[in-house]
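Colleague: Can you look at this prediction? I've put the sequence above it.
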Amino acid sequence: MKRRQIYIVAGVLVLVLAIFLSSRLGEEEQEEAPPREEKVYVEVLQVKPDTVQSYVTLTGRVIPRDRIEIFAEVGGIFIDRGTPFKVGYDYRQGEVLVQIDSEEARQRMVSSKSAYMNVLAQVVPDLKIDFPEIYEPWRDYLVNFNVNGSLKPLPKVNSERQQLFLTGRNVYSQYYALKEQETQLGNYIIRAPFAGTLTEVLINEGTLVRVGQKLGEYIKTDVYELEAAISPSELQYLSKGDQVQLQVPNSTARYTGKISRINASIDNETQTVLVYIQVSDPKLKAGMYLTGKVKAQQFEQAVRLPRDVLVNGKSIYVVQDSTAKLQPAQVLKFTSDEVILGGLPEGALVMETSENAAFEGTKVTYQLKR
């Protein structure tokens, strides 16, 4: 029994001794291990200040310079007149776009002219008696009057008394009423004001057209405009007639335009000014998105860098003695994805990083970005 107790006590002592020795050895190894310093790798841009040209960036969509909405001023049946009234069809200047059945209006016109001819037939004999000096031209006018032709100008009178006489017989009032009817009859045909194409059609041939109804939309396809919004501070660099190089994003397509007009007012909501660049090219289509730029201010001893170099929009990190140093940035101009900075010496290493201000003083290993 005693021998067994001795074995147990001895075993416990051996276990305790082993644990103690193990912990001591671990402490010695930790004390002897050399400290390790974690390396932070960063990419830097080595700057070389020079003259930097800034630009005013213009972006927007192509719109037709000339565009009309087609409305009906008269009512009737929309009839077939040759070229289909469909989206995508091209028309020459003066070609018929829309024709509405005018037979009923034409018959009313003939009837009104016949009634007017009757008025003249009653007035002309009286002129021979009261005003023989103007009888001949008025008689010739009556003889040559054609109810199916267009109205010709009335003969002239020589005195106020003659004019009052004819006015009292309703010669002038009925004449101008007929002229109005002729004008109204001309509204049954709508002609293309310029060479172009239909981009919207809201009615089919053979249907009834109502007065004031919109029929479609027509654009000129050889001249377009790019509508771009810019900051009022950039207006000083733009003038009417300036050339602008335009391009389609992510494409090799290039176009040359010129500034045709500049809005004189500032948009209340966006605080921008609209600028219009006229551009012509057969490949252009309404709605295309284009970008362009115009030369603006030049900066001496400046560098153009990605906007990612900025920390909180006002500072930059430079690497000095393998240490990240945060310093104020001298911002000269922002662009969409770049910033123009001044005040940097030649050869300065600027970090392109998204680190915050807490990165200050960190030891770094840098690599030049190409």
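Modeller: Yes, it's here.

Colleague: residues near residue 238, how many?
Modeller: Neighbours of residue 238 under the rule other CB atoms under 10 Å: 18. (Each C-beta comes from the backbone N, C-alpha and C, glycine too.)

Colleague: Confirm for me that it is in contact with residue 228.
Modeller: No: counting by CB atoms under 8 Å, residue 238 stays clear of residue 228, with 10.0 Å between them.

Colleague: Spit out the residues that contact the two alike.
Modeller: Counting by CB atoms under 8 Å, 6 or more residues apart in numbering, the residues touching both residue 238 and residue 228 are residue 275.

Colleague: where along the stretch 1-150 of the chain do the helices fall?
Modeller: 2-32, 103-130, 135-143 (DSSP state H, counting those that start in this stretch).

Colleague: any chance you could map the helices in the stretch 151-300 of the chain?
Modeller: 160-168, 171-186.

Colleague: what helices or strands is the last one leaning on?
Modeller: So the one you mean is helix 171-186. helix 103-130 (3 or more CB pairs under 8 Å, 6 or more residues apart in numbering; DSSP states H and E).

Colleague: List the buried residues for stretch 300-308?
Modeller: For stretch 300-308, a neighbour-count test (16 or more other CB atoms under 10 Å) marks 302, 303, 304, 305 as buried.

Colleague: which SSE is the third one in?
Modeller: Spelled out, it's residue 304. strand 289-306 (DSSP states H and E).

Colleague: On the C-terminal side of that strand, identify the next helix or strand.
Modeller: As assigned by DSSP H and E, the chain's next helix or strand after strand 289-306 is strand 310-311.

Colleague: For that next one, which strands pair with it and how are they oriented?
Modeller: In the sheet, strand 310-311 lines up against strand 315-320 (antiparallel) (DSSP bridges).

Colleague: got the angle for the strand it pairs with vs strand 289-306?
Modeller: Angle, strand 315-320 to strand 289-306, by axes from the mean of the first three to the mean of the last three CA atoms, to 10 degrees: 40 degrees.

Colleague: how far is the helix or strand that strand 315-320 is followed by from where the chain is centred?
Modeller: As assigned by DSSP H and E, the chain's next helix or strand after strand 315-320 is strand 323-328. The chain centre lies 43 Å from the centre of strand 323-328; the measure is CA atoms, centre = their mean, to the nearest Å.

Colleague: which parts of strand 323-328 are buried?
Modeller: 324, 325, 326, 327.

Colleague: Over to stretch 71-85?
Modeller: 72, 74, 76, 78, 85.

Colleague: before we move on, what about stretch 158-165?
Modeller: 162, 165.

Colleague: In PDB, list the C-alpha atoms belonging to it.
Modeller: Provided in PDB are the C-alpha atoms of stretch 158-165 (Å, rounded to 0.1, in the frame of the first residue of the first chain):
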ATOM      1  CA  ASN A 158     -58.200 105.700-107.900                       C
ATOM      2  CA  SER A 159     -60.000 107.400-105.100                       C
ATOM      3  CA  GLU A 160     -61.500 106.900-101.600                       C
ATOM      4  CA  ARG A 161     -65.000 107.400-103.100                       C
ATOM      5  CA  GLN A 162     -64.500 104.500-105.500                       C
ATOM      6  CA  GLN A 163     -63.200 102.300-102.600                       C
ATOM      7  CA  LEU A 164     -66.200 103.200-100.400                       C
ATOM      8  CA  PHE A 165     -68.600 102.300-103.200                       C
END
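
Colleague: Please consider this matter closed, and thank you.
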